[in-house]
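K.L.:
have a look at this prediction, sequence included:
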Amino acid sequence: MFPFNFFPFNKDMKNKLQQMKPDEIDQFIKGILGNVMPAQSESTLNSHDFVNHFRPQPSQQANSLNASAFETHDAVFVRIPIKEESHLKDLQIYHTANQLMVEHIPKRDDKHSIKLPAMVKKKGSTAKYKDGILEIKLIKSHDIQYSQIDVTEI
């Protein structure tokens, strides 16, 4: 049972919720979701649509590169097909702990961001071009530092 004695609920709210009928609860939930997602309010709510609405979508720029990222035990690999070898002269590659940025490909003003499947180290990355594929190898970071946060009662 939900602990209704905690903020923001009070005794009146608990009594109201206990006296509500299932149809009223259903209408209440649909009303809230209709305010959050107005396009869905006219039709019946589909659970798959609801889940997909909040799922992060890959960036269109990363898709335009047709890049693929995968991890092994020790490294993260990103493979980017490059049609023209002449693009490698202007290409710039940067990375953070969880993201790879590729600039100046295929056009000079283009910037692409690729989410990495695992955290990587700052140093030790390499990039090789062979047979029309640019392969970037980033070393996985196994030293993830966690900090505990204590909760105190007020």
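P.N.:
Sure thing, it's come through. Numbers count the residues shown, from 1 in each chain.
K.L.:
the helices in this structure, which residues?
P.N.:
11-19, 22-36, 47-54, 60-65 (DSSP state H).
K.L.:
please enumerate the strands of this structure.
P.N.:
Per DSSP state E, the chain carries strands over the ranges 68-71, 75-81, 92-95, 99-103, 111-115, 126-130, 133-139.
K.L.:
in a markdown table, list the ones you listed along with mean neighbour count, mean pLDDT and distance to Gly34.
P.N.:
All C-beta spots, glycine's among them, are computed from the backbone N, C-alpha and C. Shown next, in a markdown table, are the strands of the chain (neighbours: other Cβ atoms under 10 Å; pLDDT from 0 to 100; distance: least, Cβ to Cβ, whole Å):
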| stretch | mean neighbour count | mean pLDDT | distance to Gly34 |
| --- | --- | --- | --- |
| strand 68-71 | 14 | 93 | 37 |
| strand 75-81 | 18 | 95 | 41 |
| strand 92-95 | 14 | 95 | 42 |
| strand 99-103 | 17 | 94 | 35 |
| strand 111-115 | 17 | 93 | 32 |
| strand 126-130 | 11 | 94 | 49 |
| strand 133-139 | 18 | 95 | 44 |
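K.L.:
and the protein, what are its domains?
P.N.:
The chain is divided into the following domains under automatic domain parsing: 11-54, 60-139.
K.L.:
which among those is found nearest to Ile154?
P.N.:
Closest approach to Ile154 among those (Cβ to Cβ): domain 11-54, 20.0 Å.
K.L.:
quick one: closest of the domains of the chain to Glu153.
P.N.:
domain 11-54 (20.9 Å).
K.L.:
ok so, going back, just put the strands of the chain in JSON lines and tack on distance to Glu24.
P.N.:
Listed next are the strands of the chain as JSON lines, based on distance: least, Cβ to Cβ, whole Å:
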{"stretch": "strand 68-71", "distance to Glu24": "47"}
{"stretch": "strand 75-81", "distance to Glu24": "50"}
{"stretch": "strand 92-95", "distance to Glu24": "52"}
{"stretch": "strand 99-103", "distance to Glu24": "46"}
{"stretch": "strand 111-115", "distance to Glu24": "42"}
{"stretch": "strand 126-130", "distance to Glu24": "60"}
{"stretch": "strand 133-139", "distance to Glu24": "53"}
